[in-house]
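> After the sequence you'll find the predicted model.
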Amino acid sequence: TCWIGTRVYVVSVNMQVSSANDVKIYNLSVGKSLPEWISDRKKRQLQKNDAGLRCRIELIQDFKMPTVSTSIRISKDNQYIIAAGTYKPRLRCYDVSQLSMKFERCFDAEAVTFELLDDDYSKMVLLQADRYVEFHARYGRYYRTRIPKFGRDMKYHSSSCDLYFVGASNEVMRLNLEEGRFMTPFITDASELNCCDVNPEHYLLAVGSTEGKVECWDPRVKTRVGLLDCALSVANEDNNITDVTQVSKIKFKDALTMAVGTSTGQVLLYDIRSRRPIIVKDHQYGEPIKSIAFTNQSDNVMSCDSKILKIWDRHDGKLFTSIEPDHKINDLCVCQDSGLIFMANESSRILAYYIPSLGPAPRWCSFLDNITEELEENPDSTVYDDYKFLTRKELEDLGLSHIVGTGLVRAYMHGFFIDIRLYHKARALADPFAYEEYRKNKIRQKIEEARANRVRVQKLPQINKALAHKLMTVADKGKSDSVKKQSPHGLLKDCRFSALFSDPNMEVDPNSDEYKLLNPVVTARTPKPLNMDVDSNFDEIQDEPEGRASSDDNTSSDDDRTWVREVRQQHRAIRREKRVRTDYPSNKTTKQEPKFYEMKKGQTFMRKGDTSDKNMVTR
């Protein structure tokens, strides 16, 4: 990630520190990774011998998923962090007082989302991708039921004990947890629903549709009390949007403030008493908004799509700071009254960031405030630095196929992990002349670079030489010498136009009538040899049409008159050439015979300068 005004601090703790807009951001997720399949004894040995592993900060032990993390929540008492991910589909609960994982539960299907019904993890409900809804207690799964349609989001209405589901239908499904049965659903005007949220103050239910509208329902009277057209507001702000704007996320801050995220990357901040948004914040990526959160200690809004997390002021929309991780973001979670942020993403490690400007560190990780000034910036290592991944073919090329099945290699996916030191030794034995080849390649590259600086003679093709020379001149015009030597002439090198310079049938004939009529100005400027023929040296005088004077051409522009005059001259020249060919046909086989002439009567013929009478001839 490229930050504006980034400053680097060199300290003894392995953590990435960056500064965007003069706001310090501490990445707590960087550092070397340990393979899961190695033994605990090997892990302890590596941590003892490797300085990079000793200096890294592991905020919570095993704070990751096998492949991808999809959702993350913090309990209301701020004592437990619950995350869902794959693969296999599972849920992990972390106890912050112990800084370690408390339990792990696996499912039959991926969890779309989940909600905590109590202050801790004792009551949870999970919405799964196969339309099942699972209720979990402290000991495990308590009950499992199925909803009529595929669900996309759910929220719990604590005052009525109703659990609301929205998904691939126009109904808001209601499951009453006190009576244990489905209630009459709310019927909306939308075709499908994407998200929902319940106001924490007056418990107003808001649902977002695929048509870009937000419908607000009052659970007390079970009727719709409001409708917002967010797609129209986005279209009024930005006319360049061509896709259909859908509502992808809804979040309430208090009794009156509501934020709406769209599928085209905008966040609309509303006062629910008005139909017009207060602020429209565009992420500029065109990705659907995944999550929205509000900070309690400041007037900032956090909104994230799959590429970036933006923190901005809710009064004027000014950007406070932003975080752009290496992997796509799936969910966002903010610790209450602190600057600690967690993000579920498309990688195994759950991302953790600490921003002191948003608030202090939570009580369970108060040590962050003591070490934030002693952090260093190191790139995140997403591979195992002490191991090398090889396929079976690469093992055979190195002559290590006989160690497959031993403790020296570890099978993983379509290949094997091998110790990096053993890999270097085997490579040196398998190819002892690798350095010589490397040296020869470097020398060859230096020679090629030196040859590139030499003067090169441009070879013209046999066909259309004039056109090729013109293209080369135009391509090199206005460029520096270094660019001239390296830039190829596009039209000459393009295989689609190769026949233009190799096929004789494609040769341009400047003397043809078609060429003269299509290029009258070029033909007129082409120098011609002198010819004493009257027709070629003098223009034929033609009478002007009656009823039209020469001044009538003033209605056209100067350029048009110049072009018309050149075309007329070419037409006259072509007609003259045709008449000459007709009157004087060229016949090379006809033999020219001498002609005899007779003097007229009364004429005298004498040689020039001779005045004698004897040489005078008179008739």
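Thanks, I have the structure now.
> does residue 510 count as helix, strand or coil?
Of the three states, residue 510 takes coil under DSSP: H, G, I helix; E, B strand; the rest coil.
> how many other residues sit next to it?
11 (other CB atoms under 10 Å). The C-beta positions use only the backbone N, C-alpha and C, and glycine is treated the same way.
> so how far is residue 466 from it?
8 Å (CB to CB, to the nearest Å).
> Check residue 389 too.
Distance from residue 389 to residue 466, by CB to CB: 58 Å.
> can you check residue 108 too?
Distance from residue 108 to residue 466, by CB to CB: 75 Å.
> and the residue lying closest to residue 289 once chain neighbours are set aside, helix, strand or coil?
Leaving aside its chain neighbours, residue 289 sits nearest to residue 261 (2.7 Å; criterion: CB to CB, 6 or more residues apart in numbering). Following three-state DSSP, residue 261 is assigned to strand.
> on that earlier part again, more crowded one of residue 389 and residue 466?
With neighbours defined as other CB under 10 Å, residue 389 and residue 466 compare such that residue 389 has more, 16 against 10.
> What's opposite the more buried one in the beta bridge?
residue 417 (DSSP bridges).
> Report the contact partners of it.
383, 412, 415, 416, 417, 418 (CB atoms under 8 Å, 6 or more residues apart in numbering).
> farthest pair in those residues?
383 and 416 (14.4 Å; CB to CB).
> For the residue nearest the centre of the chain, give me its contacts.
Centre of the chain computed as the mean C-alpha position; nearest residue by CA atoms, centre = their mean is residue 285, 8.5 Å away. Contacts for residue 285 (CB under 8 Å, 6+ apart) come out as 265, 305, 307, 308.
> Number of residues surrounding residue 224?
Residues lying near residue 224 (other CB under 10 Å) number 16.
> What strand or helix carries it?
Per DSSP states H and E: residue 224 is located in strand 223-229.
> how about that strand: buried residues?
By neighbour count with 16 or more other CB atoms under 10 Å, strand 223-229 contains the buried residues 224, 228.
> Ok, stretch 421-434 next?
422, 423, 426, 427.
> Give the helix, strand or coil label for the second one.
If I follow you right, that is residue 423. helix.
> Cross-check the contact I'm expecting between it and residue 395.
No: Residue 423 sits out of contact with residue 395 when judged by CB atoms under 8 Å, with a separation of 9.9 Å.
> Which residue, neighbours along the chain excluded, lies closest to residue 85?
Using CB to CB, 6+ apart, the closest residue to residue 85 is residue 65 (3.4 Å).
> So what's the residue count around that neighbour?
23.
> repeat for residue 118
When neighbours are counted by other CB under 10 Å, residue 118 comes out with 13.
> Please report how far it lies from residue 221.
28 Å.
> what's the answer for residue 196, then?
Residue 196 is 18 Å from residue 221, by CB to CB.
> the more surrounded of those two?
residue 196 (23 against 8).
> That one contacts residue 151, correct?
No: the criterion here is CB under 8 Å, and residue 196 misses it with residue 151 at 10.3 Å.
> anything in contact with each of these two?
residue 166.
> In the protein, which helix is the longest?
Identified as the longest helix of the chain according to DSSP state H is helix 558-583.
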